[in-house]
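A.B. asks: Show me how the following folds:
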Amino acid sequence: MANAEVEAVLAHWINEALSPIGRLAEGTDPAAWVASRFAEWWHGRIADSFADAERAASAVRDEMIRLGGWSSFGEALHEVTHLTEALGDMRGLLGLPEE
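C.D. replies: Numbers count the residues shown, from 1 in each chain. The predicted structure is shown next:
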C-alpha cells in the first residue's frame, strides 16, 4: 500500500473532522474520531493478508513436523515458532481480532 493512499485517506477524515459544517456529533474528539476511522479502514485492508501469513506459517510448521519434526528441522521449526509468535505480537499491536 502506497503512502499516498494512506495520506489521502487520512486527509479525507481530517477534513471531515475539522469541517465547520459539523459532521461530528457534539462532544466528539476529532483526533479520536479520525484515529477510529483509520483503524477500521486499516484493519479491513490488512486483515486478510495477515491471516494468510499466519496460515502459511502454520502450514509450513505442520509440514516440517510431518516430514521429520524437530529431529530433522529443529532450527527451521525454531524460526517458524519465532515467526508465529511475531505475527501474534503484531496482530495484538495492530488491534486485529484473534482468528
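
A.B. asks: okay, CA-based contacts and neighbour counts for the rest of this
C.D. replies: Fine.

A.B. asks: my guess is residue 30 contacts residue 18, does it?
C.D. replies: Yes - using C-alpha atoms under 8 Å, residue 30 is in contact with residue 18, at 7.0 Å.

A.B. asks: The closest residue to residue 98 other than its chain neighbours: neighbour count?
C.D. replies: Computed as C-alpha to C-alpha, 6 or more residues apart in numbering, the closest residue to residue 98 that is not its neighbour in sequence is residue 91, at 7.6 Å. Residue 91 sits with 18 neighbouring residues when counted by other C-alpha atoms under 10 Å.

A.B. asks: and residue 91, what helix or strand is that in?
C.D. replies: Using DSSP states H and E, residue 91 sits in helix 69-94.

A.B. asks: Likewise for residue 96?
C.D. replies: Going by DSSP H and E, residue 96 is not in any helix or strand.

A.B. asks: Quick check: phi and psi at it.
C.D. replies: phi -80, psi 140 (degrees, to the nearest 10).

A.B. asks: Residue 28 too?
C.D. replies: According to degrees, to the nearest 10, residue 28 has phi -80, psi 130.

A.B. asks: and it, how far is that from residue 18?
C.D. replies: Going from residue 28 to residue 18 by C-alpha to C-alpha, to the nearest Å gives 11 Å.

A.B. asks: The two: which is more packed in?
C.D. replies: Per other C-alpha under 10 Å, whichever of residue 28 and residue 18 has more neighbours is residue 18, with 14 against 10.
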